[in-house]
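Colleague: 3D, please:
(one chain, ligands or ions: 3)
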Amino acid sequence: MAEVRTAAAGTPGRGYWRLPHVLTVAGSDSGAGAGIQADIKACGAAGVYCSSVITALTAQNTIGVQRVCSIDENMVAEQLRSVLSDMQVDVVKTGMLPSAGVIKVLCQNIKEFPVRAVVVDPVMVSTSGDLLSGPTTLTGLQQELLPLADIVTPNLKEASALLGGISLNTIDDIVLLLNPYMNMELALANMYTWYRNVLVKGGDLPNSLDAIDIFYDGENFHELYGPRRMTRNTHGTGCTLASYIAAELAKGFSMLQAVQEAKTFVDSALLHSQDLMIGKGPQGPFHHLFRQQSIPSQKPRFDAKHLLLYAVTDSAMNRKWGRSISEAVEASIEGGATIVQLREKEAEAGEFVEATMECLDICRTSGVPLLINDRIDIALACDADGVHLGQTDMPAGLARKILGPSKIIGVSCKTAEQAQKAWADGADYIGCGGVFPTTTKQDNLTVGLEGLRTVCLASQLPVVAIGGINSGNVQSVMQLGLANLKGLLLCLGFLTRSV
Ligand SMILES: Nc1ncnc2c1ncn2[C@@H]1O[C@H](COP(=O)(O)OP(=O)(O)O)[C@@H](O)[C@H]1O
Ligand SMILES: Cc1ncc(COP(=O)(O)O)c(N)n1
Ligand SMILES: [Mg+2]
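Modeller: Ligands and ions are numbered 1, 2, ... in the order given. From the prediction side, this is the model:
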């Protein structure tokens, strides 16, 4: 259904194919979580072509909207004409429309170049609370654009504004929203005097355990249920939902099917992006193209969660207790280690390879990554999961070239400069220490809690704290409250002694 094949004029015997086509008329989000960028990604994920008419530029990130610059309505009109006069658009989807003038030229163009459906997301305010459309646009929306719309997708605040200020923000309204056959019916039926289909999005329902949207098709109410995903990464959900609806309509699905598919897509994308970390602010973007993640080269090579309890082998301690490296590794995993590093400074290549192979067997069965300290040759020969490098070892950038994109690289850092270089060199994590004095590395300079803080703040990489950490001082490390401090390194001796 998604693909149309016909004989191409002037090309005897050859068919041509066209992709269903959505035109988004919306604002650009420099952070690419919402707006035009979200629309293009959502359509891409749905397998639909997406052209774009930009109505405004926003300087925007995960913290908020820093600046808005509206595009002149004549330039918007020119863009609309360029696309609509040439490109066989199936569905127009609208997002941020910053002025009444832009709405006017949009409506003129939709009338001049009819499409199969118009999806209106009446964007007024961003999730961060920043205004995205001027006060004069509400009348333009209500009187000019909505009569041309096949579906309108307001969130709670926008529905309230479109209904002339009916409050949809209190606990009572939430109850009404969950009981659509009560007053909500009246409210939405009111909206129906302008449009055929209305989808009121419940993403912003405060204190709700569920994410419930109400779809009114002009006759019936449909409650679209979804579990509320506990994630900061919800920036752009509204834009994505509307674009996905447009994409499904462009393929030829019915309005109800399109709305249901879109809701399922947003939910899956949020679920897959729960642990995604882009930006420092409270509204993170999510990963629209999560289905592509199944391509092996795009699998994340490293999950910072593995750093939680980081065990390092200690040959002196092993000798003292008369146990092999692999026995120590096995015991450390039983003791809760989530990642293991073999640090065998004196081992010869032959015995090191043998020990690594044994340890890899143990680690792979437990899903625990195994890294090799310093020895890139051993890591490569055994296909270990990666290496950990000190400042005097091979530079991380060179190691990345040798090991390729799929191996984990960690770097020991004591200063902000070293931390920044580790990021630029393509490292995956930083080991920072010694935080406290330690007996296992006596000549090691102690950076203290302040040094740990400096390194964490200087880097976007996850950090594991190293050196002298024990039950007596662990609290002081955790109390630093550093977001990218993801784990503690314990000398394997300490971790296994209690087992
Ligand atoms: N935390 C969440 N978990 C699951 N679904 C969500 C969540 N937040 C929003 N949604 C869904 O995303 C879509 C967009 O809703 P919403 O965020 O309210 O729109 P807007 O971005 O326009 O404010 C809706 O289908 C809503 O139910
Ligand atoms: C350019 C642009 N368009 C739309 C939104 C709304 O998206 P959200 O409600 O997720 O903030 C936005 N923040 N920026
Ligand atoms: Mg939202």
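Colleague: ok now do the residue sitting nearest the centre point of the chain, which residues does it touch?
Modeller: Within the chain, the residue whose C-alpha comes closest to the C-alpha centroid is residue 286; the distance, by CA atoms, centre = their mean, is 2.8 Å. Shown here is residue 286, whose contacts under the criterion CB atoms under 8 Å, 6 or more residues apart in numbering are 33, 231, 233, 234, 235, 236, 237, 269, 270, 272, 273, 276. In short, each C-beta sits where N, CA and C put it, glycine included.
Colleague: How about the secondary structure of the second one?
Modeller: At residue 231 the chain is in coil, as set by DSSP: H, G, I helix; E, B strand; the rest coil.
Colleague: list the contacts for the closest residue to it other than its chain neighbours?
Modeller: Across the structure, with CB to CB, 6 or more residues apart in numbering as the measure, the residue nearest residue 231 apart from its sequence neighbours is residue 274 (4.6 Å). The neighbours of residue 274, taking CB under 8 Å, 6+ apart as the test, are 229, 230, 231, 233.
Colleague: pLDDT score assigned to the nearest residue to the first one once chain neighbours are set aside?
Modeller: Pointing back at residue 229 there. The spatial neighbour of residue 229 that comes closest, neighbours along the chain excluded (CB to CB, 6+ apart), is residue 270 at 4.3 Å. Residue 270 is assigned a pLDDT of 97 by the prediction.
Colleague: so when I look at residue 270, I'm seeing a strand, right?
Modeller: No: applying three-state DSSP, one finds residue 270 to be helix, outside a strand.
Colleague: Give me the neighbour count for whichever residue of the stretch 51-200 of the chain sits closest to ligand 3.
Modeller: Nearest to ligand 3 in the stretch 51-200 of the chain, going by CB to the ion, is residue 127, at a distance of 4.4 Å. A count of nearby residues for residue 127, using other CB atoms under 10 Å, gives 19.
Colleague: Got the confidence number for it?
Modeller: You'll see residue 127 listed with a pLDDT of 75.
Colleague: do residue 316 as well
Modeller: Listed pLDDT for residue 316 reads 78.
Colleague: which bits of the stretch 101-250 of the chain sit near ligand 1?
Modeller: Proximity of the stretch 101-250 of the chain to ligand 1 is assessed by CB under 6 Å from any ligand atom, with 127, 155, 201-204, 211, 213, 226, 228-229, 234, 237-238, 241 identified as the residues in range.
Colleague: quick one: which two of these are the most distant?
Modeller: Set against one another by CB to CB, these have their most distant pair in 127 and 226, with a gap of 17.2 Å.
Colleague: quick one: low-confidence ranges for this structure?
Modeller: Scanning the chain with the threshold set as pLDDT under 70 gives 1-15, 168-195, 206-207, 293-300, 439-443, 491-499.
Colleague: Ramachandran coordinates for residue 284?
Modeller: As for residue 284, its main-chain torsions (degrees, to the nearest 10) stand at phi -80, psi 150.
Colleague: Ok, residue 318 next?
Modeller: The phi/psi pair for residue 318 (degrees, to the nearest 10) reads phi -60, psi -40.
Colleague: so what's it closest to, chain neighbours aside?
Modeller: By the measure of CB to CB, 6+ apart, the closest residue to residue 318 outside its immediate chain neighbours is residue 328, 5.3 Å from it.
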